[in-house]
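**Student:** Based on what follows, work out the 3D shape:
(one chain, ligands or ions: 1)
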Amino acid sequence: MRILRTPQELSQTVDACRVHGQSVAMVPTMGALHQGHTSLFDIAHEHADVVVATIFVNPLQFNNATDFDKYPLQFDSDIQMLEQHNVEFLYAPNVETMYGSQFSTSVHVAGITDVLEGSSRPGHFSGVATVVAKLLSAGRPDVAIFGQKDFQQFAVIKRMVADLDMPIELIMAPTVREFDGLAMSSRNVRLSESARTEAAAISQGLDAAQEQFATGIRDTTQLIQTVETAIGSTDTEIDYVKIVDSVSLKEISVAIHGSVIVVAVILDGVRLIDNHILV
Ligand code: PAF
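**Tutor:** Predicted structure coming up:
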């Protein structure tokens, strides 16, 4: 695997792939890779000849400095994982390269960034949109892969790519879960043993709501209550459980196939999010 450090190197590498008739998939990450990420690399290989992963812990998307400082860094083991999954290129710029001292641009996607994660993390999605716009414009991949776990992030990036006429296909990869259903996240390692056990209630609640939906229940108040009851029996503080339209992210009162249950909780001081698309 070759490591690229500047947007010029990334751009030239992708150009060279194109000259050889190869299509390119990009998988943006912030490192601290786990199986949730490696599944993205595998899916990327199904969609393109060459896979470019990116690792950049983006200061712009952390509205809380402690969260940024606590973000796990494990570059050496990340590289091993990338190589095990046959990723051809890693783009890993430093902060200075990504945002020079004169950097003054922000990409803001209006509306859908004000709700859910956006209301508790002001500025977060502008940070995400700005860095992803930079990665996509330097790399110009044919396809970019993001995980469903960050459903709102996917919706924001999709809106941005459409609004900015970026000719890039976006693929949402299914959430990879631990043995007990907890969505994989680099934050899970921060949970105490007991909190880690309790965290399984989130996906159990989502599954219970899906079962109710399958029996014909469409009233979102009832479905939300089911999720909250599952989570509420633990020490978990619920930030929100909502059922939203998958594109506008507006809350709905009657669920339909494709509506999304979104959850954010704080457990042991760790913010965990999850979601389920009703089928
Ligand atoms: O999902 C992430 O890891 C990050 O938000 C992303 C998309 C790499 C942007 O920094």
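**Student:** near the ligand, which residues of this structure show up?
**Tutor:** Applying Cβ under 6 Å from any ligand atom, one finds that the chain approaches the ligand through Pro28, Thr29, Met30, Asn58, Gln61, Val128, Val131, Val132, Asp150, Gln153. Every residue, glycine included, has its C-beta placed from N, CA and C.
**Student:** Can you flag which of the residues you listed belong to helices?
**Tutor:** For the residues of the chain next to the ligand, the ones inside helices are Val128, Val131, Val132, Gln153, with DSSP state H as the criterion.
**Student:** got the contact list for stretch 106-114?
**Tutor:** Defining contact as Cβ atoms under 8 Å, 6 or more residues apart in numbering, one finds that stretch 106-114 is touched by 118, 124-126, 129-130, 133, 152, 155-156, 159-160, 163, 248-249.
**Student:** how far out from the middle of the chain is it?
**Tutor:** Centre-to-centre, stretch 106-114 and its host chain are 16 Å apart (Cα atoms, centre = their mean, to the nearest Å).
**Student:** Show residues contacting stretch 155-172.
**Tutor:** For stretch 155-172, the surrounding residues in contact (Cβ under 8 Å, 6+ apart) are 43, 47, 107, 109, 112-113, 125, 128-129, 132-133, 136-137, 140-148, 154, 246-247, 249.
**Student:** Please indicate which of the contacts of stretch 106-114 are buried?
**Tutor:** 118, 124-126, 129-130, 133, 152, 155-156, 159-160, 249 (16 or more other Cβ atoms under 10 Å).
**Student:** Ser203 - that's part of a helix, no?
**Tutor:** Yes - residue state for Ser203 (DSSP: H, G, I helix; E, B strand; the rest coil) corresponds to a helix.
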